[in-house]
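Peer 1: here is a sequence together with a model predicted from it:
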Amino acid sequence: MNLARLFTVVCLSAAGAHAQCEATPSTPLLEVETCWASHYSGVYGVPLKFVQAIIDVESAWQPNVVSPKGAAGLMQLTPPTAASFGVTNRFRIEENIRGGVAYLAYLIRLFEGELRLVAAAYYTGEKLIKKHGLAYADPGVYRYVSQVQRFYRNRQMVARPLPRTQPKE
């Protein structure tokens, strides 16, 4: 994944200075997490609601979660993926989100914006999805993609204002 590391460096160089998402003792953790998610979704051009949906499914916004397979942090980065995207501490919120969003951006470009394929590849790895696409018949992948879709749709609906109705005369 040397291409992935190069992609990360180019995007970060273009981004310039870090966002002002540093926490004070009184800052709620979720506020810090959503600030970094918003910042890096903008840096990498990944839809914020999609990043949030991935975090919803991966960790439910719990930064210290470790999966049985060794994935860790908010975006559940495995050691190889973390290393590929320059993440040295998978439990550091800013690093974890940066690495996870950079990986999503890489996958979005690889799968030409097809977010279902991106979600499937984020879950199971890009090689299997590149080879089989959505025909990859693993129930875990199907369940994961469905969950991401549901959270993504729900987040999009919440963001939309309700249509105004005209008062009846």
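Peer 2: In hand now; what should we look at?

Peer 1: tell me which residue lies nearest the centroid of the chain.
Peer 2: residue 51 (3.6 Å; CA atoms, centre = their mean).

Peer 1: pull the contacting residues for that residue.
Peer 2: Residue 51 sits next to 37, 40-41, 97, 100-101, 104 when contact means CB atoms under 8 Å, 6 or more residues apart in numbering. Placement of C-beta: from N, CA and C, glycine included.

Peer 1: kindly report the same for residue 119.
Peer 2: Residue 119 is in contact with 54, 144-145, 148-149, counting by CB under 8 Å, 6+ apart.

Peer 1: neighbour-wise, which of these leads?
Peer 2: residue 54 (29 neighbours; other CB atoms under 10 Å).

Peer 1: mind naming the longest helix for the chain?
Peer 2: helix 139-159 (DSSP state H).

Peer 1: which residues touch that one?
Peer 2: 49-50, 52-54, 56-57, 115-116, 119-120, 123-124.

Peer 1: same deal with stretch 22-37?
Peer 2: So stretch 22-37 is contacted by 19-21, 48, 51-52, 55, 61, 63, 74, 93-94, 97-98, 101 (CB under 8 Å, 6+ apart).

Peer 1: which of those residues fall in strands?
Peer 2: Among the contacts of stretch 22-37, DSSP state E puts none in strands.
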